[in-house]
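> give me coordinates for this.
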Amino acid sequence: MRQMPPEPEIELLTTTGTFSLDGGTWEVENNVWIIANDQDAVVIDPAHDARAVATAVGDRELRAIICTHAHDDHVGAAPELAALTGAPILLHPDDLPLWKQTHPGDHPDEDLRDGQRITVGGIYLHVRHTPGHSPGGVSIYVPALEAVFTGDTLFQGGPGATGRSFSDFPTIIDSIRDRLLTLPPETTVHPGHGATTTIGAEAPQLAEWIARGR
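Here you go, the predicted model:
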């Protein structure tokens, strides 16, 4: 009997660089998430250092480069990683205006759509459109791993920032309430920056977030 490959696991690579928007630039540390077994992988948000991400993937086949949104710290290294690995870049089309600020002469390979399913290592990654931090922000829910990758939509302690161009606070609250907090409470939240949390830990704070945003 042929042995089945192991179920994918979650790997974390942390990279550092800058985030620029609306005339300002800030130093940032990003979480690059890799979902992989010993054969296949997908990368979520290849931040800052394409070669470091490619090294972390190793000799596994990179099936997709998933961008949760198009701020430059999350997509800056995507074209180089695609060139190194041959993997397609996936981005929600509502974030193309942001993408073009960083990569005016380039274009993602495929659109991400709400409800889309992506496979890696025999498990499904479910795309949930969660706008607010940006128009085309998405979260990637992986039921088999009891995990959701939220980009900059939901962090430990609250929503992502909405004080810059292309963002909107009521929209991000709607996304979190309707698309994320409806997930099982034990679901681990893997954000684009900082520590992990769970849906169960964040859900009780919704009313406080709304009050703070008024």
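> what ranges do the strands span in this protein?
In the chain, the segments counted as strands under DSSP state E are 9-21, 24-36, 40-44, 61-66, 89-91, 110-111, 117-120, 123-129, 138-142, 147-151, 154-155, 158-159, 188-191, 197-198.
> for Ser165, which of the ones you listed is the nearest?
Put simply, out of the strands of the chain the one that sits nearest Ser165 is strand 9-21, at 6.5 Å, with distance taken as Cβ to Cβ. The way it works is simple: take the backbone N, C-alpha and C, and place the C-beta from them, glycine included.
> quick one, which of the strands of the chain is nearest to Arg179?
Across those, Arg179 has its closest neighbour in strand 123-129 (4.8 Å, Cβ to Cβ).
> neighbours around Gly157, how many?
By the criterion of other Cβ atoms under 10 Å, Gly157 has 12 neighbours.
> roughly how far does it sit from Gly23?
According to Cβ to Cβ, to the nearest Å, Gly157 and Gly23 sit 27 Å apart.
> swap in Gly158?
Following Cβ to Cβ, the distance that separates Gly158 from Gly23 is 25 Å.
> neighbour count winner among these two?
Of the pair Gly158 and Gly23, Gly158 is the one with more neighbours under other Cβ under 10 Å, namely 16 against 5.
> what does the model give the more buried one for pLDDT?
Confidence at Gly158, expressed as pLDDT, is 95.
> next: Pro5.
At Pro5, pLDDT is 69.
> and the one 10 residues further on, by the same measure?
The model reports Thr15 with a pLDDT of 98.
> so what's it closest to, chain neighbours aside?
For Thr15, the nearest residue in space outside its immediate sequence neighbours is His48; the separation is 4.2 Å by Cβ to Cβ, 6 or more residues apart in numbering.
> same question, Val32
Spatial nearest neighbour of Val32, chain neighbours left out: Leu13 (4.2 Å); criterion: Cβ to Cβ, 6+ apart.
> pretty sure the one you found sits against Ala41.
No: if you go by Cβ atoms under 8 Å, Leu13 and Ala41 don't touch, sitting 11.5 Å apart.
> common neighbours of those two, please.
Common neighbours of Leu13 and Ala41, using Cβ atoms under 8 Å, 6 or more residues apart in numbering, are Ile34.
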